[in-house]
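Chemist: test case, fold it:
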Amino acid sequence: MKTNGQIQLYPVLRVALFLIAGIVTGELLYGVVSFGAWFAATVAALTVTLLAWKYCILQTIMIFITCVFLGGSLVSRELDEVNVCLPDDDVAYSAVVVSQPVVAEKVIKCDLIIADILTPIKIKASIYRDERAGKLHVGDGIKVVSLLEKPATYAGADFDYGRYLLYHGYAATTFIYTDEWRPATVDLTELSLVQRTRIAALVFRDKLLRRFSDMGFQGQAYAVLAAMTLGDKSALSDEMKEDYSVSGASHVLALSGLHLGIIYAILSLLFSRRRWQVVSQVLILLAIWTYVFIVGMSASVMRSAIMLTVYSFVSLLNRNKMSLNTLSVAAVTILIGNPLYFYDVGFQMSFAAVLFIIIFYRPVLNIMPHSVRDIPVIRQIWQMVSVSVAAQIGVAPLVAFYFGRFSCYFLLTNLIVVPAATIILYGVVLMTVLSFLPWLQTLLSAIILKVVMCLNAGVSFIAAMPWASIDNISIGLLQLLLIYIAIFSFCMLAVFVKKMMW
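Modeler: As a prediction, the model looks like this:
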């Protein structure tokens, strides 16, 4: 059956775009249009959609309108949950630590979930530093009496910190003095099953992180290993973060498609029997989603896991495994679960990178002549370069918009960090599997430590090179949109010229 346009080939993409339009509209109209109004409009639009089954065009239009109203409903409900009414005075509550405590001068910062209220809320806490606070770990319960305040932006700051916290699910902030808290056993029955599972997974991650320390990983080698394998960036120093940012290697510290793709490849090697292909894929996906829970379910790792899930199922049907529809399914699934993820920088960069890899990888790859590209070593290097260039085209405008920076040596950096990340992840998996052979585990940990140290040294060297990055770039939202429009316009022009030449 022929389609009446290229966009018709990607039905889920259209659903995702209209859902995003609804999320943006609902966020802009929050406080003006209530959740009840959005929900009523969604039900009404859905009813008309079902009744218009005889009129294809009308039904299609109503499906898109329903998606817009649904997006508005979802974001309005999510914002209602974080914009809670807080008491004016100190309040007593029971809470559980749900993030790795981080030392910051005289305080220890961590995330807490208040567990003894009907609707548990997440708060950003600063606990006055003492011996007891220094012993806090993920999963510990505490009894607190403190003042809960609505997230606010610091006076004179350009960055809207209050909005950032609200849009990341924090309903309040608090400062807890030494005499305002004590360790306690906290009842978690008021928490949802997902929240309890996430806390259990984070407790398990904390145990794994301690094992890294026991194996001899210390300092920034431990910090980078913890970020790359378990998604914990709390131990990274500001200098190391800056080096990875300047060199264009920050993506290797944020769990994403690169990391899950490597883990998926490792598991595929372990479960490679074709006779049990369906069972193998189910076991692989169970392992992938267990890992996603352990590392904290960030937007980028969720996107990767959903895409790998769709990839696994369509691979059994011998269909196109990597397409805009697959990416769109991941976007719709994540945004229905939490529409505020759309405003997360990691979410935007993750999807932009994959979108541009899907669109631009093949054209960039074909720039090199087949006669040269067929040489095995050159082919491997050029494939890596093509992926890096395609992803950078999509991510660079966002990096400039949010961070005012462009990394000039990102190609050189990726030629170092991608192989190193592959070795490290393969090594960590083997080190975990071979725990029954202590001598081999010790050998592997020593090798991994050397690779991580070499990676850090290489990244720092590139960051120190002249013109490693262009800083203080200032572009607005309109300019950002115009840049993407220009990129796609140039792409369409190139396709048109190529057809004319043929």
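Chemist: show me the contacts for the residue most central in space within the chain.
Modeler: Nearest residue to the geometric centre of the chain (C-alpha atoms, centre = their mean): residue 300, 2.2 Å. By C-beta atoms under 8 Å, 6 or more residues apart in numbering, the contact list for residue 300 reads 254-257, 346-347, 349-350. From N, CA and C alone the C-beta is placed, and that goes for glycine too.
Chemist: including secondary structure and neighbour count, could those go into CSV?
Modeler: Output for the contacts of residue 300, formatted as CSV (DSSP: H, G, I helix; E, B strand; the rest coil; neighbours: other C-beta atoms under 10 Å):
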residue, secondary structure, neighbour count
254, coil, 21
255, coil, 29
256, coil, 21
257, helix, 21
346, helix, 17
347, helix, 21
349, helix, 22
350, helix, 27
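Chemist: from the residues you listed, which is closest to residue 25?
Modeler: Checking the contacts of residue 300 against residue 25 by C-beta to C-beta gives residue 347 as the nearest, at 18.3 Å.
Chemist: who's in contact with residue 102?
Modeler: In this structure, residue 102 makes contact with 108-110, 234, judged by C-beta under 8 Å, 6+ apart.
Chemist: 6 Å instead?
Modeler: Residue 102 makes contact with 109, 234, according to C-beta atoms under 6 Å, 6 or more residues apart in numbering.
Chemist: tell me the bridge partners for it.
Modeler: residue 109 (DSSP bridges).
Chemist: before we move on, the earlier item: from the contacts of residue 300, which single one is nearest residue 307?
Modeler: residue 257 (7.1 Å).
Chemist: got the domain boundaries for this structure?
Modeler: For the chain, automatic domain parsing gives the domain ranges 6-81, 91-191, 206-471.
Chemist: distance of residue 347 relative to residue 128?
Modeler: 34 Å (C-beta to C-beta, to the nearest Å).
Chemist: got it, and residue 66?
Modeler: 51 Å.
Chemist: the more surrounded of the two?
Modeler: residue 66 (24 against 16; other C-beta atoms under 10 Å).
Chemist: surely the more buried one touches residue 43?
Modeler: No: between residue 66 and residue 43 no contact is recorded; they are 9.3 Å apart, counting by C-beta atoms under 6 Å.
Chemist: how far away is residue 248 from residue 399?
Modeler: Distance, residue 248 to residue 399, by C-beta to C-beta: 9 Å.
Chemist: so between those two, which is more surrounded?
Modeler: Shown here are residue 248 and residue 399; by other C-beta under 10 Å, residue 248 has more neighbours (29 against 22).
Chemist: that one reaches residue 405, doesn't it?
Modeler: No: using C-beta under 6 Å, residue 248 is not in contact with residue 405; the gap is 9.2 Å.
Chemist: what is the burial count for residue 471?
Modeler: Around residue 471 there are 10 residues (other C-beta under 10 Å).
Chemist: so for it, what's the nearest residue that isn't a sequence neighbour?
Modeler: residue 405 (5.3 Å; C-beta to C-beta, 6 or more residues apart in numbering).
Chemist: what sits against the one you found?
Modeler: 399, 469, 471.
Chemist: of those residues, which is the nearest to residue 478?
Modeler: residue 399 (17.5 Å).
Chemist: check which helix or strand covers that closest one.
Modeler: helix 376-403 (DSSP states H and E).
Chemist: element containing residue 359?
Modeler: Assigned by DSSP H and E, residue 359 falls in helix 345-365.
Chemist: now do that helix and helix 376-403, the angle between them.
Modeler: 140 degrees (axes from the mean of the first three to the mean of the last three C-alpha atoms, to 10 degrees).
Chemist: on contacts alone, who are the packing partners of helix 345-365?
Modeler: helix 299-316, helix 376-403 (3 or more C-beta pairs under 6 Å, 6 or more residues apart in numbering; DSSP states H and E).
Chemist: list the buried residues in the first one.
Modeler: When you say that, I think you mean helix 299-316. For helix 299-316, burial by neighbour count (16 or more other C-beta atoms under 10 Å) applies to 299-312, 314.
Chemist: what's the next secondary structure element after that helix?
Modeler: The element immediately downstream of helix 299-316 (helix or strand, assigned by DSSP H and E) is helix 324-337.
Chemist: run the angle between that next one and helix 299-316 for me.
Modeler: 130 degrees.
Chemist: convert helix 324-337 to PDB, retaining C-alpha atoms only.
Modeler: Extracted in PDB, the C-alpha atoms of helix 324-337 (Å, rounded to 0.1, in the frame of the first residue of the first chain):
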ATOM      1  CA  LEU A 324      12.000   6.900  13.700                       C
ATOM      2  CA  ASN A 325       9.000   4.800  14.800                       C
ATOM      3  CA  THR A 326      11.200   2.900  17.300                       C
ATOM      4  CA  LEU A 327      12.500   6.200  18.700                       C
ATOM      5  CA  SER A 328       8.900   7.600  18.800                       C
ATOM      6  CA  VAL A 329       7.600   4.600  20.700                       C
ATOM      7  CA  ALA A 330      10.300   5.300  23.300                       C
ATOM      8  CA  ALA A 331       9.400   9.000  23.500                       C
ATOM      9  CA  VAL A 332       5.700   8.400  23.900                       C
ATOM     10  CA  THR A 333       6.200   5.700  26.500                       C
ATOM     11  CA  ILE A 334       8.500   7.900  28.600                       C
ATOM     12  CA  LEU A 335       6.400  11.000  28.300                       C
ATOM     13  CA  ILE A 336       3.200   9.200  29.200                       C
ATOM     14  CA  GLY A 337       4.900   7.900  32.300                       C
END
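Chemist: what does that helix rub up against?
Modeler: By C-beta under 6 Å, 6+ apart, the residues outside helix 324-337 that reach it are 10, 12-13, 16, 19, 302-303, 306-307, 310, 341-342, 354.
Chemist: quick one: residue 34 and residue 77, what's the gap?
Modeler: Counting by C-beta to C-beta, the gap from residue 34 to residue 77 is 10 Å.
Chemist: could you do residue 139 as well?
Modeler: To residue 77, residue 139 is 29 Å away according to C-beta to C-beta.
Chemist: more crowded one of those two?
Modeler: residue 139 (17 against 14).
Chemist: and the strands in this protein?
Modeler: 91-97, 102-104, 107-114, 121-128, 141-146, 170-176, 181-183, 406-407, 469-470 (DSSP state E).
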